[in-house]
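Chemist: give me coordinates for this.
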Amino acid sequence: MVQVIKEPLVTEKSAVLNEMGVYVFRVDLKSTKTQIREAIEKNFDVKVQKVTTSVCRGRSKTNKFGHTKVPYWKKALVKLKEGEKISLFEGV
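Modeler: Residues are numbered from 1 along each chain as shown. Reported below is the predicted structural model:
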């Protein structure tokens, strides 16, 4: 079975979205919105109102050993129903 949720994304922009009830996660590239919704509801015991996804383009990175390729990845913006919170993001 594929792990749908890879990790939460904690950035300044996601911190602003957290105040509005929107949480940002890095998810598996092949996962669907329905799978993401079910995984969030099961793992965090909350009700999801809406899931928005976007595929972030890979790029080349240069380091002291030469070029490396950063692969494509997918992020999900999960809007929770009114009054719901994920405690993982509190205090960030």
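Chemist: quickly find the element holding the residue nearest the centre of the chain.
Modeler: Compute the mean C-alpha point of the chain, and by Cα atoms, centre = their mean the closest residue is residue 25, 1.2 Å away. Here residue 25 sits within strand 22-27, counting by DSSP states H and E.
Chemist: alpha carbons of that strand, in CSV - could you do that?
Modeler: Listed next in CSV are the C-alpha coordinates belonging to strand 22-27 (Å, rounded to 0.1, in the frame of the first residue of the first chain):
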residue,chain,number,x,y,z
VAL,A,22,-6.2,25.2,5.5
TYR,A,23,-3.4,22.8,6.0
VAL,A,24,-0.7,22.0,3.5
PHE,A,25,0.8,18.5,3.0
ARG,A,26,3.3,16.9,0.7
VAL,A,27,1.5,13.8,-0.8
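Chemist: for it, buried residues please.
Modeler: Under the neighbour-count criterion of 16 or more other Cβ atoms under 10 Å, strand 22-27 has 22, 23, 24, 25, 27 buried. The C-beta positions use only the backbone N, C-alpha and C, and glycine is treated the same way.
Chemist: roughly how far apart are the third one and residue 46?
Modeler: Read it as residue 24. Remark: distance between residue 24 and residue 46 (Cβ to Cβ, to the nearest Å) = 15 Å.
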